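A.B. asks: Sequence first, predicted coordinates after that:
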Amino acid sequence: MEDRLIVDFAQAVLAENDRMAAALRAEFDRRGLFCVNVLSSPGAGKTALLERTLADLAGQIPTGVLVGDLATDHDAARLRGKGARVVQVTTDGYCHLEANMVRAGLDALGLDGLRLLIVENVGNLVCPASHDLGEHARVVLFSVTEGEDKPLKYPTLFKTADLVLVSKIDLAEAVEFRREEALAAVYGVAPQAEVLEVSAKTGSGLEHWYAWLRERLQPRV
Ligand SMILES: Nc1nc2c(ncn2[C@@H]2O[C@H](COP(=O)(O)OP(=O)(O)O)[C@@H](O)[C@H]2O)c(=O)[nH]1
Ligand SMILES: [Mg+2]
């Protein structure tokens, strides 16, 4: 009986999150704003990718970034000064962002004039998968240092990805990355996803990531 109550409560909380996420997406659409949710395990390179992306796209696409972390505002500090508006959302122990946290963060960020909103989720391959934040697309980073079988071990998140970025590709040789095995794992679990190999350090492959973003921007309103 108790188990049943716990499950029902969890479903009700998720349903409330979904309602709020749908309202956020409707607002993004009304404003002509493309929103992307960036997810990965801790340390796969989300912030490094965004640092480079903001610097490379500065002055071209008005961008806002919400950064989620359990604690500290280190990532927001890394992302500031690159032409984008940046707000840190500290989840105080929560292992993922929820739509109500995004709502609060956006109140601080302000959406006026933005065409691109990037949400860096809390580093975690499990919890963020089930929380819609109102995004239009999900980008999952999977670094060459994590082990080729991670998509097989954490399929839920990969199944929701629109784009998988195989990150830190500059380290592939050093860690003897087994590319075919890793790509087979990604395609096996996430056949819907596009896959790009990138390095935030050398810039390799980033032009394809930028093209992917540009193709999805909404017409100006
Ligand atoms: N060699 C290499 N290191 C990277 C790359 N991207 C990130 N890193 C390093 O990986 C570590 C974690 O990166 P970070 O951006 O903080 O990951 P996050 O936790 O996913 O935001 C840092 O030491 C970065 O310098 C990359 O493309 N190549
Ligand atoms: Mg980060």
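C.D. replies: Thanks, I have the structure now. Ligands and ions are numbered 1, 2, ... in the order given.
A.B. asks: can I assume residue 140 is in contact with residue 39?
C.D. replies: Yes: between residue 140 and residue 39 there is a contact at 5.2 Å, judged by C-beta atoms under 8 Å. For the C-beta atoms, the positions are set from N, CA and C on the backbone; glycine is no exception.
A.B. asks: joint contacts of these two?
C.D. replies: Common neighbours of residue 140 and residue 39, using C-beta atoms under 8 Å, 6 or more residues apart in numbering, are 157, 161.
A.B. asks: neighbour count winner among those two?
C.D. replies: More neighbours surround residue 140 than the other of residue 140 and residue 39, with 33 against 28 (other C-beta atoms under 10 Å).
A.B. asks: Please identify the helix or strand for the residue nearest the centre of the chain.
C.D. replies: Computing the C-alpha centroid of the chain and ranking residues by C-alpha atoms, centre = their mean puts residue 38 first, at 0.7 Å. Per DSSP states H and E: residue 38 is located in strand 34-39.
A.B. asks: Ligand 2 versus residue 10, what's the distance?
C.D. replies: Noted for residue 10: a distance of 27 Å to ligand 2, by C-beta to the ion, to the nearest Å.
A.B. asks: ok so that residue is a helix residue?
C.D. replies: Yes: under DSSP: H, G, I helix; E, B strand; the rest coil, residue 10 sits within a helix.
A.B. asks: What separation do you get for it and residue 91?
C.D. replies: Separation of residue 10 from residue 91 (C-beta to C-beta, to the nearest Å) stands at 18 Å.
A.B. asks: neighbour-wise, which of the two wins?
C.D. replies: Taking neighbours as other C-beta under 10 Å, residue 10 and residue 91 compare with residue 91 leading, 16 against 11.
A.B. asks: can I assume that one is in contact with residue 97?
C.D. replies: Yes: using C-beta under 8 Å, residue 91 makes contact with residue 97 at a distance of 6.6 Å.
A.B. asks: hey, what's in contact with both of these two?
C.D. replies: Shared contacts of residue 91 and residue 97 (C-beta under 8 Å, 6+ apart): 68, 122.
A.B. asks: does the residue of the chain found nearest ligand 2 sit in a helix, a strand or a coil?
C.D. replies: For the chain, the residue closest to ligand 2 is residue 47, as judged by C-beta to the ion, at 3.4 Å. Following three-state DSSP, the label given to residue 47 is helix.
A.B. asks: Could you check how far it is from residue 181?
C.D. replies: In terms of C-beta to C-beta, residue 47 sits 27 Å off from residue 181.
A.B. asks: where does the closest residue to residue 123 other than its chain neighbours land in three-state SS?
C.D. replies: Nearest non-adjacent residue to residue 123, counting by C-beta to C-beta, 6 or more residues apart in numbering: residue 42, 3.2 Å away. Here residue 42 is coil, with the state taken from three-state DSSP.
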